[in-house]
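below: sequence and its predicted model.
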Amino acid sequence: MTSETFSNFGGNQWFQPNVVYRPRDEAELLEIMGRSRGRAIRVVGRLHSWSEAAVGNDVVIDLRGLCDVSLEQHEGRVWVTASCGCQIKTLQAVLGPAGLTVPSLGLINEQSIAGAISTGTHGSGRPSMSNFIDEVRVAVYDASGVPVIRTIGGGDELRAARCSLGAMGVIVSVGFWARAAYRVEEHFRQYENLDRVLAKEEEYPLQQFFLMPWWWKYIAQHRRETAEPRSWWASLYRLYVFLQLDVGLHLLVWFVARLLRSATVARFAYKYVTPCMVIKNWRVVDDADQQLVMEHELFQHIECEMFVVRSRLRESLEIVVQLLKHFDGEREALADSTRDALRRLNLMEDVEANCGMYTHHYPICVRRVLPDDTLISMAAGNAEACYAISFISYERRGDRAAFMAFSRVVCRLLGDLFGARPHWGKVCPLTADEVERLYPAVQTFRDTCGEIDRAGVFRNEWIERVVFGKSS
């Protein structure tokens, strides 16, 4: 037994397993699994997830010690094998000197590679990181109950393993083709409406943009791959981004949300202060792993993110604005059609109870994610690109009730009206019925997991209930 307690980055998930193991290599991992036969097993990495995906109450295996990276040349291409506990930033540190990089980068690089693919970590303008994984090695039990390492390299097994929530065994390593390192040109611009931002996508396919609350205008972070040399002022730009945005903006948000706790100040800041913090039209070329990543892990926060297809993006953002205004106290903000939908879903009472209880205090980030070749990642199975709409709160842990209520409402409402899917690794208030409706391939995923993990020992209660539809 152990008294060790685990907490995730956001501080919203806490669990105390019966036993914790930290294997140093694959042989020790298999030995641990042999001793743990028949018990529920969960794996933890960097715990940078806000959902219940990593929670384990019996046997927890911490795989941070498995962090090797190897490169192999194959007919002019480089095959990368990364052990499960390797952080994205460590992987980049190995690939960079070889003139290489990963095919898709997320907003942060603190996660382990196994955790990143297990929940569908994504950036902007490309499919998720999971989509580019071509081999997954997992430690599982064979038909006689002996722990073995199995290599998955194709078919529905690979499509399931690319985003598995840990339900297909212990990921030991992943393999993928590296791409040549590249540079990205970036600059910020301000827009009055969504149409003008989206019109720039063809020119800037890697862009992400922000709907600024209480100002209700857009700031686009225009990005595109380029063959131009690195700008001589790129280091100065990186310093500006770090001090002004990664630290300065977040300190302002933290001060408003946690210390002042003032809705009036939050609205004033977004109308008059934050727009001045972004330098517009400063075009800078730098390495992709510098341009595409933020230091978003410096301040503890909690996040909900919804994925909606392009054809429903406008309607989704219109409803988001209505809900945020209503939660801020503007009772007339909800359109009649929105009220009707909320009543049909039995959400109106919750919405009314939280009117005036929550003032959103962070830019609403929107990123385009191209379709994934997976079974249950958020961008799986769509004929058109998805847009991830991110809601972040910096409130103290004890003051998050209204934000959680907003997350539940926006998840159910956008899911019902537009088929929007919440990120598996963020606040994810899904029900089994909603998973059944939102993910057409979920039964294939269940069957595939069942063939590899017959006893279901690699699932926790949340995954059993939400993904597999089984009550405890």
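Structure's in. What do you need? Numbers count the residues shown, from 1 in each chain.

all helices for the stretch 151-300 of the chain, in order.
Along the stretch 151-300 of the chain, counting by DSSP state H, counting those that start in this stretch, helices occupy 155-161, 194-198, 234-240, 250-254, 263-268, 274-277, 288-291.

dump those to CSV, plus mean neighbour count, distance to Ala441 and mean pLDDT.
C-betas here are computed from N, CA, C, even on glycine. Shown next, in CSV, are those (neighbours: other Cβ atoms under 10 Å; distance: least, Cβ to Cβ, whole Å; pLDDT from 0 to 100):
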stretch, mean neighbour count, distance to Ala441, mean pLDDT
helix 155-161, 20, 8, 97
helix 194-198, 16, 28, 97
helix 234-240, 15, 41, 95
helix 250-254, 18, 38, 85
helix 263-268, 16, 41, 84
helix 274-277, 14, 40, 83
helix 288-291, 21, 31, 93
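
any stretches of this protein with poor pLDDT?
For the chain, the stretches with pLDDT under 70 are 1-3, 471-472.

tell me which residue of it is furthest from the middle?
Largest separation from the mean C-alpha position in the chain: Ser144, at 36.5 Å (Cα atoms, centre = their mean).

ok so, going back, now tabulate the helices of the stretch 151-300 of the chain in TSV and tack on distance to Glu4.
TSV is the format used below for the helices of the stretch 151-300 of the chain (distance: least, Cβ to Cβ, whole Å):
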stretch	distance to Glu4
helix 155-161	29
helix 194-198	47
helix 234-240	38
helix 250-254	29
helix 263-268	38
helix 274-277	41
helix 288-291	34
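
any idea which of these gets closest to Trp14?
helix 250-254 (22.0 Å; Cβ to Cβ).

okay, and the nearest residue to Ile171 once chain neighbours are set aside sits in which element?
Residue nearest to Ile171 in three dimensions, not counting chain neighbours: Ala114, with 4.2 Å by Cβ to Cβ, 6 or more residues apart in numbering. Taking DSSP states H and E as the criterion, Ala114 maps to helix 113-118.

against which helices or strands is that helix packed?
helix 88-95, strand 170-177 (3 or more Cβ pairs under 8 Å, 6 or more residues apart in numbering; DSSP states H and E).

mind listing what the last one pairs with, with the direction of each?
Strand 170-177 pairs in its sheet with strand 77-83 (antiparallel), strand 135-141 (antiparallel), by DSSP bridges.

mind checking how far Gln92 is from Leu105?
Separation of Gln92 from Leu105 (Cβ to Cβ, to the nearest Å): 8 Å.

mutual contacts of the two, please.
Listed as contacting both Gln92 and Leu105 by Cβ atoms under 8 Å, 6 or more residues apart in numbering are Asp289.

how about the helices in the stretch 301-450 of the chain?
313-328, 336-344, 348-353, 401-418, 432-438, 442-452.

right, and the strands paired with strand 170-177 - which one's nearest Tyr270?
Closest to Tyr270 of the strands paired with strand 170-177, according to Cβ to Cβ: strand 77-83, at 39.8 Å.
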